[in-house]
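Trainee: Kindly return the folded structure for what I paste below:
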Amino acid sequence: MAGYVIRRLLWLPFILLIVSFLTFCIARFGPGDPVSVAAGQIRDEAILQQIREDRGLDGSIFEQYLRWGYGAIRADFGESLQQRGFTVSEVIFPRMWVSAQLGFIALILVFGLGILFGLISAWANGRWIDPFIISILLFLQAIPILVVIPPLLWLFAVQLDLLPVGGWDGLIDIWWIKGIIAIPIPDPHLYIPLVAFSLPGIAGVARLMRISALEVQNEDYIRTARSKGLSESDITIKHVLPNSLLPIVTVFGFALASIIEGAFFVETLLGIPGIGRFVFEAVGSRDYDVILATTVIFSTVFVLMNLIVELIYGFIDPRVRLGDTR
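Mentor: Residues are numbered from 1 along each chain as shown. A predicted model of the protein is given here:
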């Protein structure tokens, strides 16, 4: 297993090199010119040449890429065109942190509730509870986020005045009892975006968990466990659940890799300063350095999460470890 991990880590620089170079070429040869965007209304050729030199955009595409890559290794991704005077690192990392906090909590809800509902549905296979749960989840999954958020805002923010209409104020709020006792509670800004984030994903995880659990229930060792007199709860917890998690782990890895990407619609409609909305605006304003930096960071996280998932496979299923050893 250690040798496998080392081999995968050695491939990481080559993967990032290919992804970053292709993205760099698309940004440079695509529509629009980063120098013209940086210059604004200025069209003086001498000034444009000076901007080109200051930003390292003179010379061949390989020379430009080497300059950018040397800075990226030192976490210097250049200057943002959307927010002049700020480096790319200064504008993207705080937004990634906001998206990551919200996405991680939503991830816990999606997989926690999805696995629970999937197990219950598989356990109740052939009874009315099974189609009832799946039907409700599919109905909730079919509702677009653009349709979910406005009614939630109208009900909880406008009519009942229980939640704020949007914004972001961190994860934890303090509830004071008579101005003396401080009790930490989830911040009110969390509830509506969490519902919007979580509803589409719960149904997918539940259906996958249900299918996987039904397949495991037909295995010989489950019938053996029942013949030995084990209760259904013990069989579900000790045998069905662990052996049903392999497909879920794969999905979890992809979802974990995407939590820092944010969600454009949720962040835009609720005024959350996350990275999803910012990257979308960067594409529209041709902020090339922001696009390059986020592409490289997302690619790095994606590859590392895939590696972590494969390591988790080895802990869940001993056959993976044995196969690697052989």
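Trainee: how about the strands in the chain?
Mentor: Using DSSP state E, the strands of the chain run over residues 172-177, 181-186.
Trainee: Packing partners of the first one?
Mentor: The one in question is strand 172-177. strand 181-186 (3 or more C-beta pairs under 8 Å, 6 or more residues apart in numbering; DSSP states H and E). Where C-beta positions appear, they are placed from N, C-alpha and C, glycine not excepted.
Trainee: Could you report the separation of Ile134 from Met209?
Mentor: 11 Å (C-beta to C-beta, to the nearest Å).
Trainee: Identify whichever of the strands of the chain lies nearest to Gln50.
Mentor: Counting by C-beta to C-beta, Gln50 lies closest to strand 172-177 out of those; the figure is 48.1 Å.
Trainee: re earlier: looking only at neighbour counts, state which of Ile134 and Met209 leads.
Mentor: More crowded of Ile134 and Met209, by other C-beta atoms under 10 Å: Met209, with 26 against 17.
Trainee: Look up the closest residue to that one, ignoring the ones flanking it.
Mentor: Gly118 (2.6 Å; C-beta to C-beta, 6 or more residues apart in numbering).
Trainee: can you pull the contacts of that neighbour?
Mentor: Counting by C-beta atoms under 8 Å, 6 or more residues apart in numbering, Gly118 touches 205-210, 212-213.
Trainee: For Thr250, see how far away the nearest residue to Val88 once chain neighbours are set aside is.
Mentor: For Val88, ignoring the flanking residues on the chain, the nearest one in space by C-beta to C-beta, 6+ apart is Phe77 at 3.8 Å. From Phe77 across to Thr250, the span is 31 Å (C-beta to C-beta).
Trainee: quick one: which of those two has more around it?
Mentor: Shown here are Phe77 and Thr250; by other C-beta under 10 Å, Phe77 has more neighbours (22 against 16).
Trainee: That one is in contact with Val91, isn't it?
Mentor: No. Counting by C-beta atoms under 8 Å, Phe77 stays clear of Val91, with 9.8 Å between them.
Trainee: Find residues that contact each of these two.
Mentor: Counting by C-beta under 8 Å, 6+ apart, the residues touching both Phe77 and Val91 are Val290.
Trainee: tally of neighbours for Leu269?
Mentor: 21.
Trainee: Give me the pLDDT value at it.
Mentor: What the model reports as pLDDT for Leu269 is 83.
Trainee: so what's it up against?
Mentor: Contacts of Leu269 by C-beta under 8 Å, 6+ apart are 145-146, 149-150, 166.
Trainee: Now intersect the residues you listed with the helices, please.
Mentor: 145-146, 149-150 (DSSP state H).
Trainee: Which one (most neighbours) among the residues you listed?
Mentor: In the ones in helices among the contacts of Leu269, the most neighbours by other C-beta under 10 Å go to Ile149, 20 neighbours.
Trainee: List the contacts of it.
Mentor: 192, 196, 265-266, 269-270.
Trainee: redo that, cut-off 7 Å
Mentor: 192, 196, 269-270 (C-beta atoms under 7 Å, 6 or more residues apart in numbering).
Trainee: what does Val195 give?
Mentor: Contacts of Val195 by C-beta under 7 Å, 6+ apart are Leu152.
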